[in-house]
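**Student:** I'll drop the sequence and a predicted model, then ask my questions.
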Amino acid sequence: PTYEALKALMVVHSPDLMRLRQQYDVAELKLRLAISKQYPDISLGFQREEDVGENSTMLGLRIGLELPVFDRNMQGILQADRHRDEVRQSYVTTVHKILAELRRTLHAVVLSQQQKKLLDEILLPQSKHNIMIAEQALKAGDIDALKYLEVKRGQQEVLKEVMQVQSDLWQSWIALEQTVGYPLLKLSGEDHSDYPSLSLNKEIKDE
């Protein structure tokens, strides 16, 4: 997935952002309630506007209500408005924090994939080839057992590095999924039919 695709998923599915959006809705309702106390006979409705299209994602929070200029219940209104601003600022701060973590975890996945590709396509085949040559040389008497064991030890080190890189790759994917709040890899036996489709065959890039 691209960085932009992951960012869109993160905005929708991140538990931290969902919680803050709910807190902002509550703060907005409390502000409207405080303002309505200026006019006991007037009821102010509340409807949250969704400004997210299929191909766009809103990272900010809309200011849904301006402060009145009358003095009645002004202290309560100011307190409610201050709380709404605090929630909005917390949301903005959290967005920047999660986006930074998204870039970091995505780069970690890319780096681990590149390392695994290097091992799988170059170092591992080369170590297997070295073992084959060493075995032939040992049978022909061109090298002794110690030299063969040295080559064998080199292959074992490569295999250990392959296992470590594979582990690092899985850990990177897990960290990326936790940041996004969305399952990116479908493992054996898992059913993602309730989630939107997401192709993992695209080149990963950070725009």
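**Tutor:** Noted; the coordinates are in hand. This is a predicted model, so every value here is computed, not measured.
**Student:** Going by C-alpha atoms from here, please, whenever you check contacts or count neighbours.
**Tutor:** Noted.
**Student:** What distance do you get for the residue sitting furthest away from the middle of the chain to residue 135?
**Tutor:** Within the chain, residue 141 marks the point farthest from the mean C-alpha position, 56.0 Å out by C-alpha atoms, centre = their mean. Distance, residue 141 to residue 135, using C-alpha to C-alpha, to the nearest Å: 10 Å.
**Student:** Just list what the longest helix seen in the chain packs against, helices and strands only.
**Tutor:** What stands out as the longest helix in the chain, according to DSSP state H, is helix 74-118. For helix 74-118, the packing partners by 3 or more C-alpha pairs under 8 Å, 6 or more residues apart in numbering; DSSP states H and E come out as helix 3-13, helix 15-36, helix 145-180.
**Student:** Any chance of those helices in TSV with mean pLDDT, distance to residue 73 and mean neighbour count as columns?
**Tutor:** What follows is the helices and strands packed on helix 74-118, written out as TSV (pLDDT from 0 to 100; distance: least, C-alpha to C-alpha, whole Å; neighbours: other C-alpha atoms under 10 Å):
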stretch	mean pLDDT	distance to residue 73	mean neighbour count
helix 3-13	92	36	18
helix 15-36	91	7	19
helix 145-180	92	42	17
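**Student:** Could you tell me the angle between the longest helix of the chain and helix 3-13?
**Tutor:** 140 degrees (axes from the mean of the first three to the mean of the last three C-alpha atoms, to 10 degrees).
**Student:** Residue 175 against residue 105, yeah?
**Tutor:** Yes - the pair residue 175 / residue 105 is scored as a contact, 6.3 Å apart, by C-alpha atoms under 8 Å.
**Student:** which residues does the nearest residue to residue 77 once chain neighbours are set aside contact?
**Tutor:** Once flanking residues are discounted, residue 77 sits nearest to residue 34: 5.2 Å by C-alpha to C-alpha, 6 or more residues apart in numbering. Residue 34 is in contact with 73, 76-77, 80, counting by C-alpha atoms under 8 Å, 6 or more residues apart in numbering.
**Student:** In which helix or strand does residue 142 reside?
**Tutor:** Secondary structure from DSSP states H and E places residue 142 outside every helix and strand.
**Student:** how near is residue 166 to residue 112?
**Tutor:** 8 Å.
**Student:** same question, residue 106
**Tutor:** Counting by C-alpha to C-alpha, the gap from residue 106 to residue 112 is 10 Å.
**Student:** Please say which of those two ends up with more neighbours.
**Tutor:** residue 106 (25 against 22; other C-alpha atoms under 10 Å).
**Student:** thinking that one is in contact with residue 178, fair?
**Tutor:** No - Residue 106 is beyond contact range of residue 178, at 11.5 Å (criterion: C-alpha under 8 Å).
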